[in-house]
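take a look and give me a structure for this.
(one chain, ligands or ions: 1)
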Amino acid sequence: MESSRLLIEGGRGIEGEIQIHGAKNSVLPILAATLLCGDTSCIHRCAGLSDAFAAMRILRSLGCEVSHEGSTVTVNSANAEGDIVSDGLMHEMRSSIVFLGAILGRVGRCRLSFPGGCELGPRPIDLHLEALRWLGVKITEDHGILDCTVGVRPQSADITLSLPSVGATENIMLYSALGSGETVIRNAAREPEISDLAGYLIKCGAEISGQGTSTLVINGVSELHGCEYSVMPDRIEAATYMGAAAITNGELMLKGINPADMYSCMSVFSEMGCGVYPYDDKIFISARKPVSAVRTVRTMPYPGFPTDCQPIVMAVLAKSSGTSVIVENIFENRFMAAPELRRMGANIKAEGKVAIIEGVKKLYGAPVRAYDLRAGAALVVAALGAEGQTQVSNIHYIDWGYESIETALSSVGANIKRV
Ligand code: UD1
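Numbering: from 1, shown residues only. Below is the predicted model:
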């Protein structure tokens, strides 16, 4: 089925203020975590993302009552006795594996289909499974189905992840929050979204310490209760709009964010020659002159430069003076925007982990296709800075992670509409 498209007339100056939504990568694990508390939680600042709606459908299928008003989602998980996530629901949301730890923690069993590869290449879950096995979960894998049952849980477990996987850290936290033992996660992911999940769980009565560091300690408690919680701001959405300002020589005030989570992004935009000014919960970006190339940008786990922002920065650097290099260290297949940007006149060579971007003076509008969420957003950014009309198709990918990107961008002067 052909989804809607975005039509963007480039070359308009971008100026104004944008209010940033709650973070996609936080709301999904937090919605999964509502399963554990067994009563009602009100989650505020839930952006209207297709991924969040998919998470709500999964919760309903497990027996939760879920209502959604504005940006508040209320989940009552008192009767959440379900232990199966259907294949259809698993495929609706790329990160649905985060339900595994929560369902196991709640009902002690879980059956779901193995998440296959995705647009970013294979998405292995070996670290999730290895850690859960260590924590006493019996897991069988049969014809793409994972069958998991909680066996004897160790009184204490000390788990060292071989890489700081965000999803594995979340699944271990979710599984260990209820129970009686102590779980230590070493080389844990330090992403702010992990601290946000810990923040929600702690408000529900969980005992978690060390969030934001690479050693997390979770002391299982016998029960959790519901609470009201506001999801942290979306740092990737904020970086996307910084890209929009940079490529259009515009100026934007991004409101409702936590600049401390964004130093690695802010420094790349500063290096391009943009003025980047963090205030309490805002960032002002001023890009009154054309951007220049940067030294090598390397994607790294937090606090390094986020892989999710890499395609956005690639789009901006495509129209810059000089040559930039990007090294993608996290995902195999994250240069999906490059061939589409080339259709718009960019000069980008990408091989393996490395992309070399020879900045050009002008990009030109073209029909292009989003092949994943952030590559899609990168094409929108490039189109804003291109001459003429760009048509971005496949935009259901963009809707996974942005609540009406066209509304935000038209409010600051962009000529963009959904058809
Ligand atoms: C999360 C984010 C995603 C972000 C990524 C890295 C969500 C919903 N998604 O994805 O937007 O780009 O973090 O910051 O929060 N790996 C393994 N084995 C595993 C698990 C991961 O080899 O069991 C590898 C992956 O292939 C990848 C790397 O570890 O190369 C990082 O993956 P991970 O941190 O787990 O990312 P996600 O949680 O999937």
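
CA only for contacts and neighbour counts going forward, please
OK.

the ligand contacts on the stretch 1-150 of the chain?
For the stretch 1-150 of the chain, the residues found near the ligand under the criterion CA under 6 Å from any ligand atom are 25, 95, 123, 124, 125, 126, 127, 128.

if you rank those by neighbours, which is first?
Of those, residue 25 is surrounded by the most neighbours, 26 neighbours in total, counting by other CA atoms under 10 Å.

one step back: among the residues of the stretch 1-150 of the chain next to the ligand, which two are most distant?
Checked with CA to CA, those reach their widest spread between 25 and 126, with 20.2 Å between them.

show me where the stretch 301-419 of the chain has its strands.
Listed in chain order, the strands found in the stretch 301-419 of the chain under DSSP state E, counting those that start in this stretch are 323-327, 347-351, 354-358, 363-364, 367-369, 386-387, 389-393, 415-418.

any chance of CSV for the ones you listed, columns mean pLDDT, mean neighbour count and distance to the ligand?
What follows is these, written out as CSV (pLDDT from 0 to 100; neighbours: other CA atoms under 10 Å; distance: least, CA to the nearest ligand atom, whole Å):
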stretch, mean pLDDT, mean neighbour count, distance to the ligand
strand 323-327, 97, 21, 13
strand 347-351, 96, 17, 17
strand 354-358, 97, 20, 15
strand 363-364, 98, 24, 27
strand 367-369, 97, 19, 20
strand 386-387, 98, 22, 27
strand 389-393, 98, 22, 21
strand 415-418, 97, 19, 24
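
redo these as TSV? Include distance to residue 406.
Formatted as TSV, the strands of the stretch 301-419 of the chain follow (distance: least, CA to CA, whole Å):
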stretch	distance to residue 406
strand 323-327	28
strand 347-351	26
strand 354-358	27
strand 363-364	20
strand 367-369	16
strand 386-387	16
strand 389-393	12
strand 415-418	6
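
helix or strand next in line after the lowest-mean-pLDDT helix or strand in the chain, which one?
Of all the helices and strands that make up the chain, helix 87-92 has the lowest average by mean pLDDT, DSSP states H and E, namely a mean of 86. Moving toward the C-terminus from helix 87-92, the first helix or strand encountered (DSSP states H and E) is helix 99-107.

ok now that next one, how far from the chain's centre?
Taking CA atoms, centre = their mean, to the nearest Å, one finds the center of helix 99-107 at 21 Å from the center of the full chain.

other SSEs contacting that helix?
Contact partners of helix 99-107 among helices and strands, from 3 or more CA pairs under 8 Å, 6 or more residues apart in numbering; DSSP states H and E: helix 24-37, strand 109-113, strand 145-150, helix 166-176.

again, only this time at 10 Å
Helices and strands in packing contact with helix 99-107 are listed as helix 24-37, helix 50-61, strand 84-85, strand 109-113, helix 126-134, strand 145-150, helix 166-176; criterion 3 or more CA pairs under 10 Å, 6 or more residues apart in numbering; DSSP states H and E.

with just CA atoms, put the first one into PDB.
I take that to be helix 24-37. What follows is the C-alpha trace of helix 24-37 in PDB, where atoms were taken according to Å, rounded to 0.1, in the frame of the first residue of the first chain:
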ATOM      1  CA  LYS A  24      10.000   8.000  21.300                       C
ATOM      2  CA  ASN A  25      12.800   5.900  22.700                       C
ATOM      3  CA  SER A  26      11.600   6.600  26.200                       C
ATOM      4  CA  VAL A  27       7.900   6.200  25.800                       C
ATOM      5  CA  LEU A  28       8.100   2.700  24.400                       C
ATOM      6  CA  PRO A  29       9.900   1.100  27.300                       C
ATOM      7  CA  ILE A  30       7.900   3.100  29.800                       C
ATOM      8  CA  LEU A  31       4.600   1.900  28.300                       C
ATOM      9  CA  ALA A  32       6.000  -1.600  28.500                       C
ATOM     10  CA  ALA A  33       6.900  -1.000  32.100                       C
ATOM     11  CA  THR A  34       3.300   0.000  33.000                       C
ATOM     12  CA  LEU A  35       2.600  -3.800  32.900                       C
ATOM     13  CA  LEU A  36       4.600  -4.300  36.000                       C
ATOM     14  CA  CYS A  37       2.800  -1.900  38.300                       C
END
